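[1] Predicted structure and sequence below. I'll ask about it afterward.
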Amino acid sequence: MQFFQPASARGMVGHAGFAMMEVLVTIIVIAIGAMGLAGLQLTSMKFNKESAIRSKATLLAIELSDRMRSNMAGVKAGYYTENNGYTAAITSLAAITAPSCGTTTDCTSANLANLDLSDWRTSILASLPQGTGAIVPVGNNDAYAYDIVVMWKEKSLVDSGGTDSSCPGTAVAGVRCLRTRFMP
């Protein structure tokens with residue numbers, strides 16, 4: 001007659017703690033998966049922010065094109081030309097002053113263009129990180145065509161030290177440009 005034998009007597013010595021090891025491996029796999037999901041979430045948030053900034057830039061370019069269409073005399077006279085690269089445009093922001101016309105006196109087409117540019121560049125600076133803008137005549141300007149360029153510092157370009165070739169003037173590391181063609 002055989003009596004109950006302890007586990008060590010039955011050859012189960014190598015299996016002691018096996019369930020604990022399975023739990024440890026499972027915890028490690030879940031932790032790695034959670035870190036991967038967190039990384040995906042951070043990347044998604046970064047791209048969502050960049051997308052929102054690009055959408056704002058598009059709306060700002062559309063805003064100026066609408067203002068230019070309402071002042072065709074100013075467009076034809078070339079009052080909207082602001083052919084500056086990023087460095088010159090960002091440093092000239094302090095020099096822009098809005099004319100006082102419109103409240104008590106009528107604006108000339110030159111005053112209205114100056115007011116439009118002042119309001120537009122102020123909106124860009126308020127809406128985009130270190131933002132500014134330029135209006136570049138296209139070709140010989142027979143059709144009064146302009147490229148409206150909205151420029152801002154973009155984190156992904158700043159981090160990589162990259163440049164955007166669509167920017168006017170000398171390329172500046174970290175600056176993203178959105179170029180829109182205006183043809184009345």
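    Perfect, thanks for sending it. If you're wondering where the values come from, they're calculated on a predicted model, not measured in any experiment.
[2] neighbours of Asp164, just the number please.
    By other C-beta atoms under 10 Å, the residues close to Asp164 number 18. Using the backbone N, CA and C atoms, a C-beta is placed for each residue, glycine as well.
[3] Confirm that it lies within a helix, as I assumed.
    No. Asp164 is assigned coil when assessed by DSSP: H, G, I helix; E, B strand; the rest coil, not a helix.
[4] From Ala31, how far off is it?
    Taking C-beta to C-beta, to the nearest Å as the measure, Asp164 and Ala31 are separated by 39 Å.
[5] repeat for Phe182
    Distance of Phe182 to Ala31, computed by C-beta to C-beta: 54 Å.
[6] between those two, which one's more packed in?
    A direct count of neighbours by other C-beta under 10 Å for Phe182 and Ala31 places Phe182 higher, at 20 against 10.
[7] measure the more buried one to Thr108 for me?
    Phe182 is 21 Å from Thr108, by C-beta to C-beta.
[8] Please apply the same query to Ser127.
    On the measure of C-beta to C-beta, Ser127 and Thr108 end up 28 Å apart.
[9] now swap in Met151 and tell me
    From Met151 to Thr108 the distance is 28 Å (C-beta to C-beta).
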